[in-house]
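Colleague: Sharing a model prediction with you, sequence too.
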Amino acid sequence: MKKNENSIEIGKRIRELRKLNRLTQTELGNNLKLTKQTISKYENGDRSFSNEFSSRLANALHVPTWLITDGIDNRLADKFSLKDFINDDGSSSGKYNQELLKLTNNHIYQSSEKIKSHQQTLIDLAKYELEYLSYCDMNNLYLLQAQNASDIENVAMIINKLVANHIQLAQLEKIKKDPNDKSAFKYNDFINFLEESGKLKEYSKLISKLHPKNDN
């Protein structure tokens, strides 16, 4: 039977906690009315157990149940050890939960800041694109779709599509004037607008910020 990775990690914690309690496998087994072989299977990750047994095992090892099942968060491994929670009166668990809450709040804040930054970049890109559409004298009825969009992502998507459509229209106009002009298919009226207005560099920076290259 293939070992479950979670069962292996739990087994390692059981073994370490047993040793910290200075118990042999036989002694722990006697406390739980189990054989030494059964304890060995738990420690090797060869056997899973119920929530009820987790509670019994935690009591036998004098630790909170969550320590058996979940272990210490890797981000707090330098601040807490399994030994801190043996015969704990609640102070170590309280400090641990406070630190875990700080990490969680910090993660939420960082995620929120990333979302804000992403949205701001979309807004800044849209400003350049709207300038172009205004320069092209686009029909306001199309732009109204963007104004009525439910969120920034949809606004940016609509404006981006309008820009792409107008680029294609500009290409078609060149083809109409000269059907043999192969460069018309590569013609980008939007890029030309940015170059002429001296805004291409700033627009390119925003694109790079939105889609950073992976160096790996």
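Modeller: Alright, I've got the coordinates.
Colleague: next SSE after the helix or strand bottoming out on mean pLDDT in the chain?
Modeller: Using mean pLDDT, DSSP states H and E, helix 140-147 stands out as the lowest-scoring helix or strand of the chain, at a mean of 52. The first helix or strand that comes after helix 140-147 along the chain, using DSSP states H and E, is helix 152-177.
Colleague: could you measure Ile123 against Leu210, distance?
Modeller: Computed as C-beta to C-beta, to the nearest Å, the Ile123 to Leu210 distance reads 11 Å. For glycine as for every other residue, the C-beta is placed from the backbone atoms N, C-alpha and C.
Colleague: Ok, Leu101 next?
Modeller: From Leu101 to Leu210 the distance is 32 Å (C-beta to C-beta).
Colleague: Compare these two (neighbour count), which wins?
Modeller: Leu210 (14 against 10; other C-beta atoms under 10 Å).
Colleague: quick one: contacts for that one?
Modeller: Contact analysis of Leu210 by C-beta atoms under 8 Å, 6 or more residues apart in numbering lists 118, 121-122, 125.
Colleague: So Lys79 is in contact with Glu99, correct?
Modeller: Yes - with contact defined as C-beta atoms under 8 Å, Lys79 reaches Glu99; the gap is 6.4 Å.
Colleague: When the two are compared, which one has more neighbours?
Modeller: Glu99 (15 against 12).
Colleague: mind listing what that one touches?
Modeller: Counting by C-beta under 8 Å, 6+ apart, Glu99 makes contact with 76, 79-80.
Colleague: returning to that earlier point: and the contacts of Leu210, which are buried?
Modeller: For the contacts of Leu210, a burial check counting by 16 or more other C-beta atoms under 10 Å picks out 121-122, 125.
Colleague: Tell me which of the residues you listed fall in helices.
Modeller: 121-122, 125 (DSSP state H).
Colleague: Going along the chain, name the strands of the chain.
Modeller: Using DSSP state E, no strands are found in the chain.
Colleague: In the protein, which residue is most central in space?
Modeller: Ser111 (7.9 Å; C-alpha atoms, centre = their mean).
Colleague: so what's that residue up against?
Modeller: Here Ser111 is in contact with no residue (C-beta under 8 Å, 6+ apart).
Colleague: ok so, going back, now the contacts of Leu210 in TSV, with pLDDT and distance to Ser40?
Modeller: Below are the contacts of Leu210 laid out as TSV (pLDDT from 0 to 100; distance: C-beta to C-beta, whole Å):
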residue	pLDDT	distance to Ser40
His118	84	51
Thr121	87	56
Leu122	85	57
Leu125	88	61
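Colleague: just for this structure, where's the confidence low?
Modeller: Scanning the chain for pLDDT under 70 picks out the ranges 1-3, 137-152, 213-216.
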